[in-house]
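Q: For reference, the sequence and a predicted model appear below.
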Amino acid sequence: METRANRRRSGELRFQPREGDTYRDVISHTGFLGPSVESARDVGVMLDRENAELRKRPIRAIVQTPDYRLPRDLRTWSLDYLTRRAKTGKIYNDRGLCLASDLLGDDVVKLRAGRYFDFMCSNLLAPLDIWEAGRKGPVLRGRDLILDVEGRLISFKRSRLANLIGVSTLAFTTDGQLLLVAQTSDNIGSPGLLAPSGSGALEPRDVPRDMADWTIQRILVNGAERELREECHLKASEIADSSVVGHGRWISRGAMPEFCAVTLLSLTGDQVLDRSPRRVERSYVHEVMPVGLAPLRLWDASRPLEMLPRKHRDAVSWPLALGLACLAECINDESWPLRKELLARLKG
């Protein structure tokens, strides 16, 4: 009887995407946070104050307990939603690291473990409205998950969502080429779009076990380099150096936290091209492409897509757009540790 009741209720539910939601009203309220960043399909905001602190000083981080648990009201729709997502692509329920506090305002950044299914049933519900047959309005408005009563973004400290931490890096070869990853349609992150050289989510294994004082920068670099090695088929010895360059909120993806880094490699673009994606990554990585960026004089953080060749601009994922915007800022910061070497590679 319970199974029949669940099937009947599932047939009465409709998860309605808000395809035309541009979040313009939300962006109008985020000017004090930083500039908006737009990609082919998505919109978000770059966090200026947080970025300045990330580049200026080490920020301590801790992994607190207990793990994130999906709120009871969201669990109501979780099974139905996961069933539908399983029909459209590959899903998994690995453990990840979630952001439980904001970067500024506390002495330490708080992280906590969570499951990917919980992220899907919280942050990934925000672009949807849930309708039930026979009702005149939605039983859940996705926008209510990320906005307060005044239409402003809810802080990570107050958020009820999982807020899985997205992390990516822009990797540059010795001949100044940027590696782009063309993602397959099975990739949940940005299906069919161009992603940074390595992109994904932080995992508990990215937290160093031998550090007395963990920093969020060290954890982010560990996660970004792990994703880079996996997606571009690299060895740890082929990575010269990495540096965190920015932080943003991916508004059209449940306002989740996204961090970006820049990595310098000890390989040329041709050497990377000679390698095919690892077998375990072929479901998610279609190909890895070294590309040249626009001349430095044309780099503009407010127009990051124009840093890429024109033929790629209509397929840019949001993490790639954010990373390029942060890079355009960093390249003018003489205190940024990778600036001198990256400039030499780009001009060479």
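A: Alright, I've got the coordinates.
Q: Could I get the contacting residues of the residue nearest to residue 108 when sequence neighbours are not counted?
A: Closest residue to residue 108 apart from its sequence neighbours, by C-beta to C-beta, 6 or more residues apart in numbering: residue 60 at 4.5 Å. For every residue, glycine as well, the C-beta is placed using N, CA and C. With C-beta atoms under 8 Å, 6 or more residues apart in numbering as the criterion, the residues that contact residue 60 are 107-109, 213-216.
Q: if you set the cut-off to 7 Å instead, what comes out?
A: Contact partners of residue 60, counting by C-beta atoms under 7 Å, 6 or more residues apart in numbering, are 107-109, 213-215.
Q: Over to residue 288. Which of the three states is it?
A: Following DSSP: H, G, I helix; E, B strand; the rest coil, the label given to residue 288 is strand.
Q: how near is it to residue 90?
A: Per C-beta to C-beta, to the nearest Å, residue 288 is found 20 Å from residue 90.
Q: Could you do residue 151 as well?
A: Distance of residue 151 to residue 90, given as C-beta to C-beta: 35 Å.
Q: likewise residue 161?
A: Distance of residue 161 to residue 90, given as C-beta to C-beta: 22 Å.
Q: higher neighbour count, those two?
A: Neighbour comparison, residue 161 and residue 90: the larger count goes to residue 161, with 27 against 12 (by other C-beta atoms under 10 Å).
Q: Which residues are in contact with the more buried one?
A: Neighbouring residues of residue 161 by C-beta under 7 Å, 6+ apart: 122-123, 145, 254.
Q: at 10 Å what do you get?
A: When contacts are counted by C-beta atoms under 10 Å, 6 or more residues apart in numbering, residue 161 touches 68, 70-71, 74, 98-99, 114, 118-119, 121-126, 145-146, 154, 254-256.
Q: Could I have the buried ones of these as ChimeraX selection syntax?
A: A single ChimeraX command suffices to select whichever of the contacts of residue 161 are buried according to 16 or more other C-beta atoms under 10 Å:
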select :68,70,74,98,99,114,118,119,121,122,123,124,125,126,145,146,254,255,256
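Q: which of the contacts of residue 60 are buried?
A: 109, 214-215.
Q: Show only the entries of those residues found in strands.
A: Secondary structure assignment (DSSP state E) places residue 109 from the buried ones among the contacts of residue 60 within strands.
Q: is it possible to export the buried ones among the contacts of residue 60 to TSV including distance to residue 272 and pLDDT?
A: TSV is the format used below for the buried ones among the contacts of residue 60 (distance: C-beta to C-beta, whole Å; pLDDT from 0 to 100):
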residue	distance to residue 272	pLDDT
109	33	96
214	31	90
215	29	94
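Q: Residue 29: which of the buried ones among the contacts of residue 60 is nearest?
A: Ranked by distance to residue 29 (C-beta to C-beta), the buried ones among the contacts of residue 60 are led by residue 109 at 24.0 Å.
Q: Bridge partners for that closest one, pull those for me.
A: Taking DSSP bridges as the rule, residue 109 bridges to residue 61.
Q: swap in residue 215?
A: Note on residue 215: beta-bridge partners residue 60, judged by DSSP bridges.
Q: List the contacts of it.
A: Residues near residue 215 by C-beta under 10 Å, 6+ apart: 54, 57-61, 108-109, 208, 221, 244.
Q: Repeat that for residue 223.
A: Taking C-beta under 10 Å, 6+ apart as the criterion, residue 223 is in contact with 96-97, 165-169, 198-203, 205-207, 259, 261.
Q: likewise residue 299?
A: Applying C-beta under 10 Å, 6+ apart as the definition, the contact partners of residue 299 turn out to be 293, 306-307, 324-325, 327-329, 331-332, 346.
Q: The same query, at a cut-off of 7 Å, please.
A: Residue 299 sits next to 307, 328, 331 when contact means C-beta under 7 Å, 6+ apart.
Q: wait, which of those is closest to residue 342?
A: The closest of the contacts of residue 299 to residue 342 turns out to be residue 331 (C-beta to C-beta; 7.2 Å).
Q: wait, what's in contact with that closest one?
A: With contacts defined as C-beta under 7 Å, 6+ apart, the neighbours of residue 331 are 296, 299, 339.
Q: helix, strand or coil for the closest residue to residue 115 other than its chain neighbours?
A: Counting by C-beta to C-beta, 6+ apart, the nearest residue to residue 115 once its immediate chain neighbours are dropped is residue 93, at 5.3 Å. Each residue gets one of three states, and residue 93 gets coil by three-state DSSP.
Q: Please renumber the chain so that the first residue is 58 from this point on.
A: Done: numbering now begins at 58, and the last item shifts to residue 150.
Q: can you tell me how far residue 150 sits from residue 315?
A: Per C-beta to C-beta, residue 150 is found 21 Å from residue 315.
Q: swap in residue 253?
A: With distances defined as C-beta to C-beta, the gap from residue 253 to residue 315 amounts to 10 Å.
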